[in-house]
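Peer 1: Task: produce atomic coordinates for the following.
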Amino acid sequence: MTTQVNEDERQCYLDDVISENVGWIRIQEKTFKRWMNEHLKHRKLEVEDITEDLNDGLALINLLEVLSHKSIGRHYTKKPRINAQKMENIVATFNFMKGEGIKIVNIDSTDIMQGNMKLTLGLIWTLIFNYQIAANLKDVDSGGGPKKQLLNKITQ
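Peer 2: Numbering: from 1, shown residues only. Down below sits the predicted model:
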């Protein structure tokens, strides 16, 4: 029951974060792109268009490897040419995130490959939350998990 409530809260929060307002989506896109590029520069990579540059899975693979300090392994195509190879790369990232304990809700590999902006931004927010916000809050001694700690910090 608690897990369902947490997932419902998370989904409501994501729905609020990724609003239908086009201006807000542009702000998110610019901010999230900057965050991704800050991490991808370690691999001499850059994302210019989130919906286009993530659709073959390579930028996402590199981002996950940089953030996690782990290798996805050899289970992806380094130069995908056909859609099936691109899809396999994206599926590899989803499998990797699942192995890292990252919960992905209401999004699948097809959404990334087709360039669904709203869902792609939601995925990037999930990465920001798990690899940056939650990681920084682990040291805080207020208990209740990263989400509760973040809310406590905001409301203080």
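
Peer 1: top helix in this protein by residue count?
Peer 2: In the chain, with assignment by DSSP state H, the single longest helix is helix 22-40.

Peer 1: next structured bit after it?
Peer 2: helix 50-53 (DSSP states H and E).

Peer 1: pLDDT averaged over that following helix - what is it?
Peer 2: Mean pLDDT, computed over helix 50-53, is 94.

Peer 1: helices or strands up against the longest helix of the chain?
Peer 2: helix 50-53, helix 58-68, helix 117-128 (3 or more CB pairs under 8 Å, 6 or more residues apart in numbering; DSSP states H and E). (Each C-beta comes from the backbone N, C-alpha and C, glycine too.)

Peer 1: ok, Ala84 to Asp56 distance?
Peer 2: To Asp56, Ala84 is 11 Å away according to CB to CB, to the nearest Å.

Peer 1: and the helices and strands packed on helix 22-40 as a markdown table, adding mean neighbour count and distance to Thr110?
Peer 2: Listed next are the helices and strands packed on helix 22-40 as a markdown table, based on neighbours: other CB atoms under 10 Å; distance: least, CB to CB, whole Å:
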| stretch | mean neighbour count | distance to Thr110 |
| --- | --- | --- |
| helix 50-53 | 16 | 13 |
| helix 58-68 | 21 | 14 |
| helix 117-128 | 20 | 10 |
